[in-house]
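Colleague: Predicted model and sequence follow; I will ask about them next.
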Amino acid sequence: MALLAALPAAAQAGPSTAGHASTIGRTWPIAEPDALAEIEARVAGQPTSISGKFGPRQNWTAMRSATLTRAAVTRTRYVVPFYTLDQDISLPGGRLLYAKGYTFNPLSYVTLPQRLIVVQPRDLDWALRQARSADFILLAAGGPRDADAITLGERHARALFILEDRVKDRLGLTAAPVIVHQVGQRLQLDEVRLDSGRPRS
């Protein structure tokens, strides 16, 4: 009963103490600097551009594409991108799951969601006409006067990628232009000779 009698009194006292904070124990000022202020100070001290340290973009090794010959004929080939393990794959308990040297076809387990269109820079306009929105356009090595992938991508407002040697070898590419897409558990490579009439899409 005494508790019930005290409730109205507590309710009346509530508004007068609302928002009041008490300090219990000793306090110290914050010693750490403000993290955001530190980041902003570091950024302010950086140069606006560091491109000068790397030299002309055409000399960057990261921008060098793999070379492909120009397609002499329009033809279709098929490639199975087998992969061979270069090390043992074991479960967390140590039991061997797949031994080094095991060979398998990744396309038995995954699906390539888009096409790959591989061209030399001089054939980029053709690739842009062929490409769907989800397709990847990869640039093989071009001539010394061809612009790089970044410049061409900015010019055409589309992401472009370089053709790396490991991708070239992995997909069995030999000539460009070529459109790569998955058919079942293998890759279909449609090589196109552009000056031999209407190209296949």
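Modeller: Cool, got the structure.
Colleague: Identify the residue spatially nearest to the residue nearest the centre of the chain, adjacent ones excluded.
Modeller: Of all residues in the chain, the one closest to the mean position by Cα atoms, centre = their mean is Phe161, 10.0 Å from it. Distance criterion Cβ to Cβ, 6 or more residues apart in numbering; nearest residue to Phe161, sequence neighbours excluded, is Leu138 at 5.0 Å. All C-beta spots, glycine's among them, are computed from the backbone N, C-alpha and C.
Colleague: And Ala99, by the same measure?
Modeller: Asp88 (5.7 Å).
Colleague: Quick check: that neighbour vs Gly101, distance?
Modeller: From Asp88 over to Gly101 the distance is 9 Å, taken as Cβ to Cβ, to the nearest Å.
Colleague: The residue nearest to Phe161 against Ala159, yeah?
Modeller: No - at 10.7 Å, Leu138 does not count as touching Ala159 under the criterion of Cβ atoms under 8 Å.
Colleague: So if I had to pick from the two, which one is more boxed in?
Modeller: Set Leu138 next to Ala159 and count neighbours by other Cβ atoms under 10 Å: Leu138 wins out with 26 against 10.
Colleague: Which parts of this structure are helices?
Modeller: Along the chain, counting by DSSP state H, helices occupy 2-17, 35-44, 124-130, 149-156, 165-171.
Colleague: what is the residue nearest to Phe161 paired to in the beta sheet?
Modeller: For Leu138, the beta-bridge partners under DSSP bridges are Val118, Phe161.
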